[in-house]
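**Q** sequence first, then the predicted structure:
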Amino acid sequence: MKKILLLLLISHLAMGQTKPEPTLKSILLEQLKTTHTDKDWFVPVNIALAGLTAEQANWNDGKGNHSIGQLAHHLLFWNGRVLASFKGEDVAKFDGDNDKTFTNFDKKSWEDVVKKLDVVLADLEKFVETTDEAKLKEKYSTIAHIGTHNAYHTGQIIYIRKLQGSWEADKGVK
């Protein structure tokens, strides 16, 4: 009898510790946060960019690949456009030349790019947190692709930092 009561108590305690059912909002928010600030099983962009100087951000391998600054500017450009669209704001005309979203980086604006990217990503998270499920169902694919796009370019940023010797393995990628 004692064993049965103990098992019932353990199962009751275990049931009280279950996670809530995931929702579309919680899934999308987790994707955005793990590519922005929350270190999970990969490094988010804020950690990938932390501590870089403008000179390091402007460095490239001389083989036609983008610099970290160009990648960060590209992320700022696209995340900012999507956010403005979600908010119903006017989105600046764009001629479709994606190369321009990388090449507009100037090392004088490095700190500003990093700060603005952080704000835009935080605002995307706030948008998801405050938007009702019906509206999220309309935009879920775009939001999910934002997380994928950000993770992809963050991986490039880390790779470039490794090439230039500015990556610290204790930040998450050995």
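**A** Received, thanks. Residues are numbered from 1 along each chain as shown.

**Q** so where's the protein shaky on pLDDT?
**A** Along the chain, segments meeting pLDDT under 70 span 1-17, 173-174.

**Q** hey, where'd the helices end up in it?
**A** Assigned by DSSP state H, the chain shows helices spanning 2-15, 24-34, 45-49, 54-58, 68-86, 99-103, 110-130, 133-164.

**Q** any buried residues in the fifth one, and which?
**A** Buried residues in helix 68-86, counted by 16 or more other C-beta atoms under 10 Å: 68-83, 86. In short, each C-beta sits where N, CA and C put it, glycine included.

**Q** the longest one too?
**A** Using 16+ other C-beta under 10 Å as the burial criterion, the residues of helix 133-164 that qualify are 136, 139-140, 143, 146-147, 149-151, 153-154, 156-161, 164.

**Q** repeat for stretch 100-116
**A** So, applying 16+ other C-beta under 10 Å, buried residues of stretch 100-116: 101-102, 105, 107, 110, 113-114, 116.

**Q** give me the nearest residue to residue 94, chain neighbours excluded.
**A** If the residues on either side of it in the chain are set aside, residue 94 comes closest to residue 81, at 7.3 Å by C-beta to C-beta, 6 or more residues apart in numbering.

**Q** show me the contacts for the one you found.
**A** By C-beta atoms under 8 Å, 6 or more residues apart in numbering, the residues touching residue 81 are 91-92, 94.

**Q** and it, how far is that from residue 93?
**A** With distances taken as C-beta to C-beta, to the nearest Å, residue 81 is found 11 Å from residue 93.
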